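Undergrad: from the sequence below, what's the structure:
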Amino acid sequence: MTTLTETTETTDTSAASNTSTAAVTTLRAHQLVIDDRLAFVEDWGDIDAIPLLALHTAGQSGVQYAHVAADLAALGYRVIVPDFPGHGRSEPSAHGPVTDLGEYAQFALTVLDQLSIDRFVVVGCSIGGKITIDLAVRAGSRIRAAIAMAAGASSGHVSIRGLTRELNDISTPSRSDRTYWGTRAVVGSAVSEERRSLIARMHCREDPIISNSDLIGWGRHDVSASLPEVVCPTILVAGEDDLWIDAEAIRRDAASIPRGSFTFLPGIGHYPMEEMSDFASQVDAWVRTLESSDEDTETTRS
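TA: Residues are numbered from 1 along each chain as shown. Below is the predicted model of the structure:
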């Protein structure tokens with residue numbers, strides 16, 4: 001494992017603050033070797049803080065958490081942000097693009113194991129949300145709180161046949177335009193035009209073959225039958241303006257989890273961590289609520 005450490009200084013100039021204040025956050029960057037390939041992981045905050053695993057969306061990378069990781073660290077979390085194989089600065093999987101989201105779930109657990117992290121909070125969005133639910137199924141006893149955004153437990157509604165066909169001829173000049181306008185369409189109405197355009201433009205850096213493979217995984221992944229077996233407190237989150245999900249189906253998934261709950265976000269679309277200016281404080285509130293409910297459950301049991 002190769003690790004680089006950097007101390008960064010961020011300035012709080014929010015409307016809630018009358019004066020600008022500087023906050024120092026430590027960022028460690030790890031190059032791990034997983035299945036003979038290099039895996040890149042950002043590691044923000046105090047090494048003894050509460051570990052929080054943050055999982056990105058299809059075709060993207062940990063950069064989606066760039067504007068919120070330091071804020072989460074300031075709230076008392078050690079924020080672990082991996083790039084999945086073939087994404088961002090991680091090398092591709094040895095067997096090629098991944099179409100089974102369960103492989104990403106195991107990859108995430110291997111990252112935590114190599115960093116000697118046992119118990120953790122997990123937050124993920126889109127395929128990262130599905131992987132969060134997968135982790136709750138396969139490793140719920142290790143999870144303090146699971147927050148799955150923009151995803152349900154059953155297979156997503158995509159044309160697997162069409163996506164597979166596109167793997168052969170996907171690198172067309174219109175691909176970046178499709179990504180740009182498609183992303184804009186699912187950013188929430190509460191987001192400014194400037195921010196909406198930035199989110200969409202950042203998403204255009206994806207590798208189209210990796211993105212389509214991820215979406216094939218989205219269309220195949222289904223752990224709904226195992227939801228009653230989830231032992232960790234879990235919250236499923238849906239945005240009002242997210243055109244890619246069925247919020248009511250996600251609400252039903254949450255009801256199938258013994259310690260599950262559902263949250264609906266007005267004016268927010270498919271990418272809460274990129275759209276919400278108060279995302280870090282909202283995640284902290286969700287974690288505190290889930291852990292409090294978990295403590296109440298344990299008290300009742302005893």
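
Undergrad: so what pLDDT did residue 292 get?
TA: Predicted confidence (pLDDT) for residue 292: 84.

Undergrad: repeat that for residue 95.
TA: Each residue has a pLDDT score; the one for residue 95 is 93.

Undergrad: kindly report the same for the one 5 residues further on.
TA: Looking at residue 100, its pLDDT is 97.

Undergrad: so it sits right up against residue 217, yeah?
TA: Yes. The pair residue 100 / residue 217 is scored as a contact, 5.8 Å apart, by C-beta atoms under 8 Å. All C-beta spots, glycine's among them, are computed from the backbone N, C-alpha and C.

Undergrad: neighbour count: those two, which is higher?
TA: Ranked by neighbour count (other C-beta atoms under 10 Å), residue 100 and residue 217 place residue 217 first, with 26 against 13.

Undergrad: which neighbours do residue 100 and residue 217 share?
TA: Residues touching both residue 100 and residue 217 (C-beta atoms under 8 Å, 6 or more residues apart in numbering): none.

Undergrad: ranges for the strands of the stretch 101-250 of the chain?
TA: Under the criterion DSSP state E, counting those that start in this stretch, strands of the stretch 101-250 of the chain are mapped to 120-125, 143-149, 234-239.

Undergrad: columns distance to residue 63 and mean neighbour count on top of those strands, output as JSON lines?
TA: Shown next, in JSON lines, are these (distance: least, C-beta to C-beta, whole Å; neighbours: other C-beta atoms under 10 Å):
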{"stretch": "strand 120-125", "distance to residue 63": "13", "mean neighbour count": "28"}
{"stretch": "strand 143-149", "distance to residue 63": "17", "mean neighbour count": "26"}
{"stretch": "strand 234-239", "distance to residue 63": "20", "mean neighbour count": "27"}
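
Undergrad: so which of the ones you listed gets nearest residue 92?
TA: Distance to residue 92, taken as C-beta to C-beta, is lowest for strand 120-125 among those, at 20.6 Å.

Undergrad: quick one: strands adjacent to the closest one?
TA: According to DSSP bridges, strand 120-125 has the following sheet partners: strand 50-55 (parallel), strand 143-149 (parallel).

Undergrad: now tabulate those strands in TSV and tack on distance to residue 198 and mean pLDDT.
TA: As requested, the strands paired with strand 120-125 are exported to TSV (distance: least, C-beta to C-beta, whole Å; pLDDT from 0 to 100):
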stretch	distance to residue 198	mean pLDDT
strand 50-55	19	98
strand 143-149	19	98
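
Undergrad: so where's the stretch 101-250 of the chain shaky on pLDDT?
TA: Applying pLDDT under 70 to the stretch 101-250 of the chain flags residues 158-174.

Undergrad: which stretches in it count as helices?
TA: Applying DSSP state H, counting those that start in this stretch to the stretch 101-250 of the chain gives helices spanning 101-114, 127-139, 160-169, 175-185, 193-203, 208-220, 247-256.

Undergrad: which residues sit against the longest one?
TA: Contacting residues not belonging to helix 101-114 are listed as 1, 32, 34, 39, 41, 51, 53, 55, 80, 82, 84-85, 93, 98, 118, 120, 122, 127, 130-131, 134-135, 138-139, 214, 217-218, 220-221 [C-beta under 8 Å, 6+ apart].

Undergrad: my guess is residue 2 contacts residue 30. True?
TA: Yes. The pair residue 2 / residue 30 is scored as a contact, 7.0 Å apart, by C-beta under 8 Å.

Undergrad: higher neighbour count, these two?
TA: Neighbour count, other C-beta under 10 Å: between residue 2 and residue 30, residue 30 has more, with 20 against 9.

Undergrad: give me the phi and psi for that one.
TA: Main-chain torsions, residue 30, degrees, to the nearest 10: phi -110, psi 140.

Undergrad: and it, what does it touch?
TA: Applying C-beta under 8 Å, 6+ apart to residue 30 gives the contacts 1, 2, 3, 40, 41, 42, 43, 115.

Undergrad: out of those, which are inside strands?
TA: Counting by DSSP state E, these place 2, 3, 40, 41, 42, 43 in strands.

Undergrad: if we can go back for a sec, in PyMOL, how would I select the buried members of the contacts of residue 30?
TA: Per 16 or more other C-beta atoms under 10 Å, the buried members of those correspond to this PyMOL selection:
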select buried, resi 40+41+42+43+115
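
Undergrad: export the contacts of residue 30 to a markdown table and tack on distance to residue 274?
TA: Formatted as a markdown table, those follow (distance: C-beta to C-beta, whole Å):
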| residue | distance to residue 274 |
| --- | --- |
| 1 | 29 |
| 2 | 29 |
| 3 | 27 |
| 40 | 20 |
| 41 | 20 |
| 42 | 16 |
| 43 | 20 |
| 115 | 25 |
